Structure formats: structure tokens, C-alpha cells
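>>> Provided below are the primary sequence and the corresponding predicted coordinates.
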Amino acid sequence: MSPLPRHPASPRTPWRTRTALLFLITALTAGCAAPAVSGSGNTDVATGGARFSTADAATAALGADVGPGVFPRTITHSAGQTRLDAKPTRVVVLDTGELDDVLALGITPVGVASPDGKVSPYLEPRIPGVTRLGPLDPLNLEGVAALQPDLILGSALRVEQLYPQLTAIAPTVLSIRPGFPWKENLRLVGAALGEEDKAVELLNAYQTKADAVRERLAGAPPTISLVRFMPGRLRLYGNLSFIGVILEDVGLPRPPTQDFDELATEVSEERIDQAAGDRIFYSSYGDPQTTGQDAVVNGALWARIPAVAAGHAQQVDDTVWFLGLGPLGADLVLDDLTRLLG
């Protein structure tokens, strides 16, 4: 098998920054979004699992056994090996990251499912005629089969236990997990679709844009705190997250309280002062009243945080910053950073 081509600028994985280090620290808290693992997913690759922190390096080793665009091909992926006799044209995707990836690569899927059965608002306008298959738990396997796909894309985190049923319907390729390996996942999807070169083009364009965001900053870059309000929990996000990777690629440092190689750490509302960055970007996963956002940002403790007092705390779109999981979402984050830091 030939692994996916590595980016010449990176000694680690192809799409991290030049100074990135191999992440070997086990994460502390639950997964990248709720629900973190569906009933048919693999907990070993969830946050806190044995395979979480190395998911990007492991995914970078997966791919096709032939050159770009050549079929037939065999794809080595998280669940094994899958042979594809011809370029897929009827693709079913089983999460936001896979949907983002195929759309960015110029492919409109025939069906889409997701953990909560919803399509992210930033992607919804792009798929007006695509069949909605609902949530992953339980996944509508009959609906998937009825679409007669020639490729199914998902992840071990979400649907590994369903792999036998899925591969009986159509050739199935699974990444390890969504989130911080989003660039490696794009390359794996590119390999499955025979669009490796397009994936490389997308990632090079992304990094060029990230570099431009950094160059627009006057003086030393500000440290960035990421705060996410969720039902029953309050998170400060670290480096092993979709948004954490983007900040690293732009060259935006993190305050010591968030400069860790994990997805996130949970804090109480009384410790919100740990969001100690020069800039704070915050969002709510759900209604701000039920996630606690309204109570915290209107409270005295929040007001006393230096970044808040300086007017440098800004709300961002949760569905993009924390649930984007692909190049289209990443591009929107870069647009936001240009606007918010300009």
C-alpha cells in the first residue's frame, strides 16, 4: 500500500504547522461534540480513549495503493481495506466532516446522516436535493441501501460497530475520528474519491490563507482563549480540536491554561477566569439560556476578566468553529479571524 503523500514542509503530519509535535497525551474529557460517541461507535478513539491523541498521525498513514485518480484501487482505512473498482458517483456521508469534505472536493452526496440528524447551517444551502437519513443512533440502514450508494464515508468514532452492515450495502471507508485530524481526514476522503490532487490543492490554499491572516496582525499575536458553553458543562478548548489546529496553523498562541494537547478541559462557572487569553472567543452548543452562556456572560466574574473588560471577548458561530470539521468550515473560521482580529 502507498500511504497518502506527505507535505514537504511538515516533519510530522502533512498538514500541521512546521513546529508541531507528536501528540501523545491522553485527553481528559468527553468528545468533540454531543453526542461524542454514538451507540455504534468506538470509545477507544473518543476523547480519553487509547487511540485519541494519535488519530492524526495514524490517519496520515492510511490511503490508496495506487497513484492519484487511478482505479481500481484499494483503500486502507480505520476498519480495514476496501476495494473500489471505479470512481464513486453515489456517495453517502455519515457526519458533518465527511459532508464538508466531499462538497469541498466537488462531489454532492446522495444521502447524509449525522449524530443528531441535522445538517450544519453553513452546509445546508449546498445540498437542497440530498436525502436526509436522520441520526446515527439508530442509523437508517434501509434508507442508506435504498439510495444504492457506491461509497459510504464515516468514522470509527461514529459507526465502527456498523461496519459489517455498511460494507454489505456498499464499499465503506472509515476515518478514525472527526475533529483535530480534519486535514488528514480530507486526504483520506480524497483517496476514496480519486481526488487526491484536489485535496492537496485545498489544503495548500487553506495554509496560504492562514499565513495571510497571521501576516495581517500588527505586532505580537494575541493569546487566544476558546470557551464553549454546553448543557451541563463549560469547556475551555485545547490544541487537539478542530479550532485548536486552525489557531496553531495561523500562529496564534494559547494562554498557559489552554495550551495543552487535549480536546478540552471542563471548569465550573466560578473558574471562568481561567479563560485568560488576550482574546476570548466563545460560543454556545444550543440555546444560550439552557447552556448557561447568558448567565455567565452577564455575571460579575465574566466582567472582571481582563479580555472582557478590554472589549476583546466575542461570540462566534458554534456550528462553524466547533462543528465545522472540514475545509469549508475552516475557511469560514479564517474569515472570522481576519474580521475579529483586524
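Perfect, thanks for sending it. Numbers count the residues shown, from 1 in each chain.

>>> so how far is residue 267 from residue 199?
Between residue 199 and residue 267 the distance, using C-beta to C-beta, to the nearest Å, works out to 37 Å. To be clear about C-beta, it is placed using only N, CA and C from the backbone, and glycine gets the same treatment.

>>> Those two: which is more packed in?
Legend: neighbour count by other C-beta atoms under 10 Å for residue 199 and residue 267, higher for residue 199 (26 against 17).

>>> Secondary structure element for the more buried one, which one?
helix 196-216 (DSSP states H and E).

>>> So what touches that helix?
By C-beta atoms under 8 Å, 6 or more residues apart in numbering, the surrounding residues in contact with helix 196-216 are 4-5, 7, 14-15, 64, 68-69, 104-106, 183, 186-187, 189-191, 221, 246, 249-252, 327, 330-331, 334, 337-338, 341-342.

>>> Any of these buried? List them.
By neighbour count, with 16 or more other C-beta atoms under 10 Å, those hold 4-5, 7, 14-15, 64, 68, 104-105, 183, 186-187, 189-191, 221, 246, 249-250, 252, 327, 330-331, 334, 337, 341 as buried.

>>> could you pull out the strands for this protein?
Ranges of strands within the chain are 63-64, 73-77, 80-84, 91-93, 111-114, 131-135, 151-155, 172-175, 224-230, 233-237, 264-266, 279-284, 313-315, based on DSSP state E.

>>> ok, the shortest one: who's next to it in the sheet?
This means strand 63-64. strand 73-77 (antiparallel) (DSSP bridges).

>>> One more: the fifth one?
Sheet pairing of strand 111-114 (DSSP bridges) gives strand 91-93 (parallel), strand 131-135 (parallel).

>>> nearest spatial neighbour of residue 152, skipping sequence neighbours?
Ranked by C-beta to C-beta, 6 or more residues apart in numbering and with sequence neighbours excluded, the top spatial neighbour of residue 152 is residue 172, at 4.3 Å.

>>> Minimum distance to residue 149: which of the strands paired with strand 111-114 has it?
Nearest to residue 149 among the strands paired with strand 111-114 is strand 91-93; the distance by C-beta to C-beta comes to 4.4 Å.

>>> chain center to the closest one, what's the gap?
Averaging C-alpha coordinates over strand 91-93 and over its chain gives two centres that are 17 Å apart (C-alpha atoms, centre = their mean, to the nearest Å).

>>> again, but for stretch 311-331
In terms of C-alpha atoms, centre = their mean, the centre of stretch 311-331 is found 11 Å from the chain centre.

>>> wait, isn't residue 144 in contact with residue 166?
Yes. In this structure, residue 144 sits in contact with residue 166. The criterion is C-beta atoms under 8 Å, and the distance is 7.3 Å.

>>> quick one, which of the two is more surrounded?
Set side by side, residue 144 and residue 166 show unequal neighbour counts under other C-beta under 10 Å, the larger going to residue 166 at 26 against 23.

>>> I figured the more buried one hits residue 155, correct?
No. Contact between residue 166 and residue 155 fails when scored by C-beta under 8 Å: they sit 11.7 Å apart.

>>> hey, where'd the helices end up in the stretch 51-200 of the chain?
Along the stretch 51-200 of the chain, counting by DSSP state H, counting those that start in this stretch, helices occupy 55-60, 96-104, 141-146, 156-159, 163-169, 182-193, 196-216.

>>> Out of those, the one nearest residue 40 is which?
Residue 40 lies closest, by C-beta to C-beta, to one member of the helices of the stretch 51-200 of the chain: helix 156-159, at 5.2 Å.

>>> Output the closest one in PDB, but only the C-alpha positions, please.
Extracted in PDB, the C-alpha atoms of helix 156-159 (Å, rounded to 0.1, in the frame of the first residue of the first chain):
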ATOM      1  CA  ALA A 156     -14.800   4.700  13.600                       C
ATOM      2  CA  LEU A 157     -15.900   7.100  16.300                       C
ATOM      3  CA  ARG A 158     -19.400   7.200  15.000                       C
ATOM      4  CA  VAL A 159     -20.200   3.900  13.200                       C
END
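
>>> Check which helices and strands it is in contact with.
In terms of contacts (3 or more C-beta pairs under 8 Å, 6 or more residues apart in numbering; DSSP states H and E), helix 156-159 is packed against strand 172-175.

>>> Pairing partners for the strand it packs on, with directions?
Paired strands of strand 172-175, with direction, are strand 151-155 (parallel) (DSSP bridges).

>>> Could you export the strand it pairs with as CSV, CA atoms only?
Extracted C-alpha coordinates of strand 151-155, given in CSV (Å, rounded to 0.1, in the frame of the first residue of the first chain):
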residue,chain,number,x,y,z
LEU,A,151,-19.3,4.5,-1.5
ILE,A,152,-20.2,5.2,2.2
LEU,A,153,-17.9,7.5,4.2
GLY,A,154,-17.9,7.7,8.0
SER,A,155,-15.7,7.3,11.0
